[in-house]
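Visitor: Have a look at this prediction, sequence included:
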Amino acid sequence: MSLTALTKHFESIKDPRRQIKVIYSLHDVLFLTVTAIIAGCEGWEDIEDFGHCRLEWLRQYASFEHGIPVHDTIARLISRVNPDALHRCFVEWMKETETLTDNQVIAIDGKTLRRSYDPSDRKSAIHMVSAFASQNGVVMGQLKTDAKSNEITAIPELLDLLELKGHLVTLDAMGYQTKIAKKIIEKEANYLLAVKGNQGSLHQAIQQAFDEDCQNEHTAVYSYS
């Protein structure tokens, strides 16, 4: 992954602050936050600690003229950045730096983030829909949803962000929707979708087709013998 390319994409993100009050550049704080998370940091204090420990390395890619901001400053600035712009920046960076192997499996799946539910404010846990390139071993993109049931609306949005031509997209039964299948075809990709018993006549038709194929195969073997 090219970190130099990542810094270039940050230029497209608008700084939400009044420039007269700016001490730490948005570019520096974004670069610090993203690289700290990639390194495994899980909270704002961890990100600040990472910055102090890796300041010399960080300055190879950004100025950090005033050093590392405190964790409250990092959190406050990141919370004001447009999340859609940041997400597009990250996806474009991945598309530029990661070349997918031909005919790769792209697994679309939803997961609830651990420890994201806070009973004190009664907010639901955070649910993410991600696209994982199996052979490259990288997440090519992801979107946050309000609930697991909203995967159906989030998946087409995620597909729009990705380059899928020639690849195989896999989804579980939640993603078995005509609109989603059509979107994958429009992206010039193939799909493998799971079907469960709650999908009525379609599940029955598929089961019947497999049963008939198995029966024909056994009959052919018996006749040959």
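Guide: Looks like it came in fine.

Visitor: contacts and neighbour counts: CA atoms only from here.
Guide: Will do.

Visitor: Pass me the low-pLDDT residue ranges in this protein, would you?
Guide: By pLDDT under 70, the low-scoring segments of the chain are 1-2, 95, 97-102, 112-127, 136, 146-149, 198, 216-225.

Visitor: is it true that Ile152 touches Ala173?
Guide: No: if you go by CA atoms under 8 Å, Ile152 and Ala173 don't touch, sitting 10.4 Å apart.

Visitor: Looking at those two, which is more packed in?
Guide: Between Ile152 and Ala173, counted using other CA atoms under 10 Å, Ile152 has the larger neighbour count: 17 against 14.

Visitor: ranges for the strands of the chain?
Guide: 105-112, 127-133, 138-145, 168-171, 190-193 (DSSP state E).

Visitor: mind checking how far the first one is from the chain centre?
Guide: Think strand 105-112. Counting by CA atoms, centre = their mean, to the nearest Å, strand 105-112 is centred 8 Å from the centre of its parent chain.

Visitor: same thing with the third one?
Guide: Relative to its parent chain, strand 138-145 has a centroid offset of 1 Å by CA atoms, centre = their mean.

Visitor: in it, what counts as buried?
Guide: Residues of strand 138-145 classed as buried by neighbour count (16 or more other CA atoms under 10 Å): 139-145.

Visitor: Distance to Asp72 added to those residues, as TSV?
Guide: Shown next, in TSV, are these (distance: CA to CA, whole Å):
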residue	distance to Asp72
Val139	28
Met140	30
Gly141	28
Gln142	26
Leu143	25
Lys144	24
Thr145	26
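
Visitor: if you take the average position of the protein, which residue is closest to it?
Guide: Geometric centre of the chain, nearest residue: Gln142, 2.1 Å, by CA atoms, centre = their mean.

Visitor: Which residue is the nearest non-sequential neighbour of it?
Guide: Ser130 (4.1 Å; CA to CA, 6 or more residues apart in numbering).

Visitor: Please name the bridge partners of that neighbour.
Guide: Asp109, Gln142 (DSSP bridges).

Visitor: Would you enumerate the residues in contact with it?
Guide: 107-110, 139-143, 158 (CA atoms under 8 Å, 6 or more residues apart in numbering).
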